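**Student:** Could you look at this predicted model? Sequence included:
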Amino acid sequence: MKDDNFLREMNAKHLWHPMGHPGEARENAPRIIKGAEGVEIIDIDGHRAVDAVGGLWCVNLGYSNDAVKQAISDQLWELPYYSAFAGTSNPTAIEASYAVQEFFAEDGMVRSFFTSGGSDSVDTALRLARQYHRLRGEPTRTKFLSLKKGYHGTHFGGASVNGNNRFRINYEPLLPGCYHLPSPYTYRNPFDTIDPEMLARKIAAAAVDEIEFQDPSTIAAFIMEPIQGAGGVIVPDASFMKLMREVCDKYGILMISDEVITGFGRTGDWSGARHWGVKPDMMTCAKGITSGYFPVGAVMIGETVADVFENSGPEGAIWHGYTYSAHPVGAAAVVACLSETLRLDTKTNAAARGQQLYDGVCDLAAKHDIIGDVRGGHGLMTGIEIVSDRDAKTPMDAATMKRIHQTAYESGAMVRLGGHNILMSPPLTITEAEVNQIITALDKGFAAA
Ligand code: PMP
């Protein structure tokens, strides 16, 4: 094993990190995580912390699931790779496609298209949406609608429907024909309403207005996260996704539910759309599909879309796919992970522990004035918005956020910063005592602000 300082030096010299400045590792060495156990991560100094981020919203089963590890290892020896481009398949991919469909059968999903991650899944779904309309004889339907504050990955398609301009501005021009509606974000919104139900109605009305303005016959799909994750854990009113479904139905627009975070139990249900009582036309998945143990994503396809493709002529061929689509090792991870997810009934624990985490953070809000807004209460996704002035809702400065983060980490919990928000999505297997450890660590972090 290399000496720790040598590792830090090599990191600064050679490794560019996603979502950060290339020079940052020189000024500010990253924490180097060398191991993990249960829901805890262990850094190279031997410090342990409960991973309140779940890797990156993905390690749903925690870090010690032997069944998934064994399945990956076994598959490596059986068949480490073969392509699934039309003409060949592999037994594990077939099993995985069935397993994931069974998982989302209640959401109306009947087919699976595998990818290498969430951004791939989003771009795949956007392309399929355009092709679907072409196949139906409406090739003018090429535009996309999405929500501000939404996060849909970093490929050009996903970035174009992303609703946070940090991920867009350096990479413009993006895809033309992408329009953004306000986020169901009660704490700050252009309608100046704090009533979530009213806000839901206003956004649905804004959607109708935009669609009419664009002309409905030009819009292919609307994509949304059932709960916006990276945008700050923004939980819409229970009516919101249903209202948007009605708008999509009225204008013949496909609804894509981006379930990259919310799929597989995180919201306390097996999908975020199901949590809100909605059946989308397609679902984009990744993360929890393998608990992060192997990079896999999937687009789940509902009956309406599947029928059009499967009953089409040669123009229905999908000239799109990835070298690692339906990768056998990834597929083995999917089969084992979904089986473990069901066996452990992780959604039930997510609901109970999510409520505990949300309630605990609400209690902290009574104690610390810097907490402007607490969002969550629907499974294990919790967001805390930190402000320097509660009345003026002034976003907290970066140095203070960093201090909160560092103190929480030293006190036993790794949380994630998204600007002046603290984002949490711990493994769905977390215990009551471990949730308490997160709350105590945050308490210390806020005291150090
Ligand atoms: N969609 C959503 C809702 C996400 O949260 C993410 C990743 N955080 C993505 C898409 C992109 O996934 P990936 O990073 O695996 O490409």
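**Tutor:** Good, I have the coordinates.
**Student:** residues contacting the closest residue to the ligand within the stretch 101-250 of the chain?
**Tutor:** When scored by CB to the nearest ligand atom, the stretch 101-250 of the chain has G118 as its residue closest to the ligand, at 2.1 Å. In this view, the C-beta of every residue, glycine as well, is placed from N, C-alpha and C. The contact partners of G118, by CB atoms under 8 Å, 6 or more residues apart in numbering, come to 152-153, 258, 260, 284-287, 297.
**Student:** end-to-end on stretch 178-198?
**Tutor:** Here the two ends of stretch 178-198 are set 25 Å apart, with distance taken as CA to CA, to the nearest Å.
**Student:** switch to numbering from 178
**Tutor:** With the count now opening at 178, the last piece we talked about shows up as stretch 355-375.
**Student:** Number of residues surrounding S296?
**Tutor:** Look at S296: counted by other CB atoms under 10 Å, it has 21 neighbours.
**Student:** Next up, the contacts around it.
**Tutor:** Neighbour list for S296: 329-332, 335, 474 [criterion: CB under 8 Å, 6+ apart].
**Student:** And for K427, the neighbour number?
**Tutor:** The local packing of K427 (other CB under 10 Å) involves 12 other residues.
**Student:** immediately after the helix or strand hosting I478, which helix or strand?
**Tutor:** Per DSSP states H and E, I478 falls inside strand 474-479. Moving toward the C-terminus from strand 474-479, the next helix or strand (DSSP H and E) is helix 480-487.
**Student:** Now do the buried residues in that next one.
**Tutor:** Within helix 480-487, the residues scored as buried using 16 or more other CB atoms under 10 Å are 482-483, 485-486.
**Student:** now do stretch 290-305
**Tutor:** Here stretch 290-305 shows 290-305 as buried, counting by 16+ other CB under 10 Å.
**Student:** roughly how far out does that stretch sit from the chain middle?
**Tutor:** 13 Å (CA atoms, centre = their mean, to the nearest Å).
**Student:** average pLDDT for it?
**Tutor:** Averaged across stretch 290-305, pLDDT comes to 98.
**Student:** Stretch 212-229 too?
**Tutor:** Per-residue scores along stretch 212-229 average to 97.
**Student:** before we move on, the earlier item: now the angle from the strand holding I478 to helix 480-487?
**Tutor:** Per axes from the mean of the first three to the mean of the last three CA atoms, to 10 degrees, the angle that strand 474-479 makes with helix 480-487 is 100 degrees.
**Student:** Direction included, what does strand 474-479 pair up with?
**Tutor:** strand 286-292 (antiparallel), strand 459-462 (antiparallel) (DSSP bridges).
**Student:** now that strand, how far from the centre of its chain.
**Tutor:** 14 Å.
**Student:** Restrict that strand to CA atoms and write it as PDB.
**Tutor:** Provided in PDB are the C-alpha atoms of strand 474-479 (Å, rounded to 0.1, in the frame of the first residue of the first chain):
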ATOM      1  CA  GLY A 474     -28.600   1.800 -16.100                       C
ATOM      2  CA  ALA A 475     -31.900   0.800 -17.700                       C
ATOM      3  CA  VAL A 476     -34.700   2.400 -19.600                       C
ATOM      4  CA  MET A 477     -38.000   0.800 -18.700                       C
ATOM      5  CA  ILE A 478     -40.500   0.900 -21.500                       C
ATOM      6  CA  GLY A 479     -44.300   0.900 -21.000                       C
END
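**Student:** Identify all contacting residues around that strand.
**Tutor:** Under CB under 8 Å, 6+ apart, the answer for strand 474-479 is 277-278, 281, 284-298, 301-302, 305, 437, 456-463, 466, 486, 511.
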